[in-house]
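**Q** fold the stuff below for me.
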Amino acid sequence: MAGRKLRILQVMRAPVGGLFRHVADLTRALCADGHAVGLVVDSLANDAQTESRLAQLLPHASLGIHRYDMPRVLGRGDLVTPLAVRRLQKSLQIDVLHGHGAKGGFYARLARLGGSKAVAVYTPHGGVLHFDKASPSGRMFHLLERWLMGQTGAIVFESAYAQQTYAQLIGSPSCATTVIHNGLASEEFIPVPPNDDAADFVFIGELRALKGIHVLIEALKDVRRPDGTPATLVMVGDGGSRDALVAQIERLGLLDRVTLSGAQPARPSFARGHIAVIPSLAESLPYIVLEAAAAQLPVVATRVGGIAEIFGPTAADLVPAGDAKALQLAMQKGLDDPKSSQAGMQMRAQYIAQTFSLERMAGEIEALYAQLIAP
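**A** Okay, the predicted model is just below:
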């Protein structure tokens, strides 16, 4: 992108999941285009996997990676960290503060209080949208969102669903808003064929109830291959619901049909199944759906969040969340009618290649930055 090169501070809490994937991709793209980028992350997020991810990103973050206390819920860090970020943005002469997620968004905008010249951009990534407005915590966070609107240059929603949900929960934003979908790199559109010993289905994600894992196991129970033998499933991931999941698998007598392989990188794991299943109960715009479809796997998924935006012309194939019977029927159809599954996969992959590129995502965010700082 031609024009002035900017000094940008990306603010997030924990470098995990799709939020970090987005920030990492954006940081690399901005650096490649000549902008100076720094990161602010939680000082407590320091396990081995986190350290490895940040170390890989450091060469692209010429303004450094800075750590401050960012509690998951309310804590002392919520009082002192915004002041620290404000001092940092002054010392680094930051043009753009981009907050990601609820906490990153709060800190980036609170850091502007007191007359900062930097503009603040905010991407919710779900975050505050997952709080029920009837709960005490939901009311508090939604009140903070409305209060910080005056410090917000623009809100970037990763899906039209997120934009609509924000307006319903918090109200119509008084600042500029835009929808910029997440994007994939060109190499992610190379097909990943199944291994010779691949299971019928593969699930990749956190092992927690919100991901629909218990619904998936209930659905699998009655799925059969065309020859009548029971269908199999590989589950790639880990999480707090693992013990409950194992108990459910044992109770339903599925130990010989379900393989729990622990956390593994997503792309090579696609080869472990013929059909990807994403049975989530709630999502924003999940990368795993984009990645699986781009790798040319047939995908069975639920109609939650922005998944319908990813499915595009094949959105009618989505199933209701939390409905084990509907999920079972969709999985059964995938085995019984492979030609239809392949046709839907090809249509979906073509649509995603046209709509969800990393180059487009980064370019649109850069253009927004330039627009906000223009005199």
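
**Q** going forward, measure contacts between C-alpha atoms and count neighbours the same way
**A** Will do.

**Q** go through the helix-or-strand element of the chain with minimal mean pLDDT and flag the buried ones.
**A** Across the helices and strands of the chain, mean pLDDT, DSSP states H and E gives its lowest value to helix 136-148, namely a mean of 78. Residues of helix 136-148 classed as buried: G138, R139, F141, H142, E145, L148 (neighbour count, 16 or more other C-alpha atoms under 10 Å).

**Q** and stretch 22-36, average pLDDT?
**A** The average pLDDT within stretch 22-36 is 96.

**Q** now that stretch: buried residues?
**A** H22, V23, A24, D25, L26, T27, R28, A29, L30, C31, H35, A36.

**Q** how about the helices of the stretch 151-300 of the chain, start to end?
**A** Per DSSP state H, counting those that start in this stretch, the stretch 151-300 of the chain carries helices over the ranges 160-170, 213-220, 242-251, 266-269, 287-294.

**Q** can you pull out the residues in contact with the second one?
**A** With contact meaning C-alpha atoms under 8 Å, 6 or more residues apart in numbering, helix 213-220 is reached by 207, 231-233, 245, 248-249, 279-280, 322-325, 327-328.

**Q** need the contact list for G105.
**A** V11, M12, H98, G99, V121, Y122, T123, P124 are the contacts of G105 under C-alpha under 8 Å, 6+ apart.

**Q** by neighbours, which of the residues you listed wins?
**A** With neighbours taken as other C-alpha atoms under 10 Å, the top of the contacts of G105 is H98, carrying 29 neighbours.

**Q** I figured that residue was touching R112, is that so?
**A** No: if you go by C-alpha atoms under 8 Å, H98 and R112 don't touch, sitting 11.4 Å apart.

**Q** pull the longest helix from this protein.
**A** helix 338-355 (DSSP state H).

**Q** could you give the average pLDDT over it?
**A** For helix 338-355, the mean confidence score works out to 95.

**Q** and stretch 40-55, by the same measure?
**A** The model assigns stretch 40-55 a mean pLDDT of 79.

**Q** can you give me the end-to-end span of that stretch?
**A** 14 Å (C-alpha to C-alpha, to the nearest Å).

**Q** roughly how far apart are the residue lying farthest from the centre of the chain and L252?
**A** Distance from the centre of the chain peaks at D227, with 37.4 Å (C-alpha atoms, centre = their mean). Distance check for D227 against L252: by C-alpha to C-alpha, it reads 22 Å.

**Q** what do you get for A353?
**A** Taking C-alpha to C-alpha, one finds A353 at 40 Å from L252.

**Q** these two: which is more packed in?
**A** Per other C-alpha under 10 Å, whichever of A353 and L252 has more neighbours is A353, with 19 against 11.

**Q** these two touch, right, that one and Q296?
**A** No: if you go by C-alpha under 8 Å, A353 and Q296 don't touch, sitting 11.0 Å apart.

**Q** quickly list what's touching both of the two.
**A** With C-alpha under 8 Å, 6+ apart as the test, A353 and Q296 both reach F189.

**Q** how about the contacts made by Q342?
**A** P298.

**Q** and with 10 Å instead?
**A** I275, Q296, L297, P298, V299, G334, R348 (C-alpha atoms under 10 Å, 6 or more residues apart in numbering).

**Q** repeat for L335
**A** L335 makes contact with D200, F201, V223, R224, R225, P226, A231, H274, I275, S341 under the criterion C-alpha under 10 Å, 6+ apart.
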